[in-house]
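> I would like the atomic coordinates for the input below:
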Amino acid sequence: MAKAAFLASGNGSNFQAICEAMENTSHQPVVLIYDRKNAKVPERARELEVASRYVPYAGRSREKAEETILEILDFFNPDLIVLAGFMRILTEKVISRYEGRIINIHPSLLPAYPGTRGIEESYLSDDKELGITIHLVDEGLDSGTILKQVSFRREGTETLSEIEERIHTLEHTWYPRVVLELLDQIETEATGR
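As a prediction, this is how the structure comes out:
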């Protein structure tokens with residue numbers, strides 16, 4: 001069994017898609033850490049019977065918030081940390097502790113359009129191919145090693161909301177697959193089988 005922890009800030013649709021994909025496997029989602037009090041993601045965690053912890057950033061330093069995150073992660077001892085719409089940049093302290101074991105999904109074909117407006121910037125571009133990138137997290141902004149990219153060819157007549165829907169469909173299909181592949185690999189390495 002390999003264990004996954006999740007960091008999220010918002011709605012949690014990727015979190016739910018991954019947890020549901022894990023249901024018929026030996027892998028376990030052990031904890032959700034979220035940083036926004038009004039986020040919908042803890043409701044999903046409750047329904048999925050996954051432990052959740054609220055770690056506010058407001059009114060405290062990023063270092064203090066990350067100390068709390070690290071305490072939670074160390075307690076649950078995950079094999080993989082999955083960023084599922086976590087709208088914070090992690091510092092070297094967290095990344096070095098879990099180096100090579102933190103992954104993220106981004107709604108553009110990196111290195112194009114890093115940051116929080118990936119879908120919108122892709123949509124406004126002249127790019128013919130749009131898509132998603134799943135990557136390891138490093139200290140840069142969406143700059144870690146790319147694990148998987150999936151794209152589609154745009155017609156040019158789509159609205160922004162239609163493009164968003166296609167991007168989210170790719171996310172909900174491919175992020176769970178990549179997470180399960182990594183967890184399978186971790187389990188295989190641990191058991192020697």
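
> Only C-alpha atoms from now on, for both contacts and neighbour counts.
OK.

> Name the nearest residue to Thr116, sequence neighbours excluded.
What sits nearest to Thr116 in space, not counting adjacent residues and going by C-alpha to C-alpha, 6 or more residues apart in numbering, is Met87, at 7.8 Å.

> Look up phi and psi at the one you found.
When quoted as degrees, to the nearest 10, the phi and psi of Met87 stand at phi -100, psi 40.

> In contact with it, which residues?
By C-alpha atoms under 8 Å, 6 or more residues apart in numbering, Met87 lies in contact with 8-9, 116.

> filter these to the buried ones?
Among the contacts of Met87, those classed as buried by 16 or more other C-alpha atoms under 10 Å are 8-9.

> wait, which of the contacts of Met87 is closest to Ile95?
Ala8 (16.1 Å; C-alpha to C-alpha).

> Need phi/psi at that closest one.
Ala8 has phi and psi values of phi -150, psi 160 when expressed as degrees, to the nearest 10.

> And it, what's its pLDDT?
Per-residue confidence (pLDDT) for Ala8: 97.

> contacting residues for it?
Applying C-alpha under 8 Å, 6+ apart, we find Ala8 in contact with 15, 32-35, 41, 83-87.

> Just the residues you listed: which are in helices?
In helices, defined here by DSSP state H, the members of these are 15, 41.

> So which of the contacts of Ala8 is the closest to Thr159?
Nearest to Thr159 among the contacts of Ala8 is Gly85, at 22.5 Å by C-alpha to C-alpha.

> Setting aside sequence neighbours, what's the nearest residue to that closest one?
Taking C-alpha to C-alpha, 6+ apart as the measure, Gly85 lies nearest to Ala8, with 5.0 Å between them; neighbours along the chain are not counted.

> gap between that neighbour and Phe86?
4 Å (C-alpha to C-alpha, to the nearest Å).

> And Val50, by the same measure?
Val50 sits 17 Å away from Phe86 when distances are taken as C-alpha to C-alpha.

> In terms of neighbours, single out the busier of the two.
Between Val50 and Phe86, counted using other C-alpha atoms under 10 Å, Phe86 has the larger neighbour count: 20 against 17.

> show me the contacts for that one.
Contacts were defined as C-alpha under 8 Å, 6+ apart; by that measure Phe86 touches 7-10, 34.

> quick one, phi/psi of the nearest residue to Asn77 once chain neighbours are set aside?
In space, not counting the residues next to it along the chain, Asn77 is nearest to Lys3; the distance is 7.8 Å by C-alpha to C-alpha, 6+ apart. Comment: the main-chain dihedrals of Lys3 come out as phi -110, psi 140, following degrees, to the nearest 10.

> Lys3 against Arg101, yeah?
No - the pair Lys3 and Arg101 fails to qualify as a contact (C-alpha atoms under 8 Å) at a distance of 11.3 Å.
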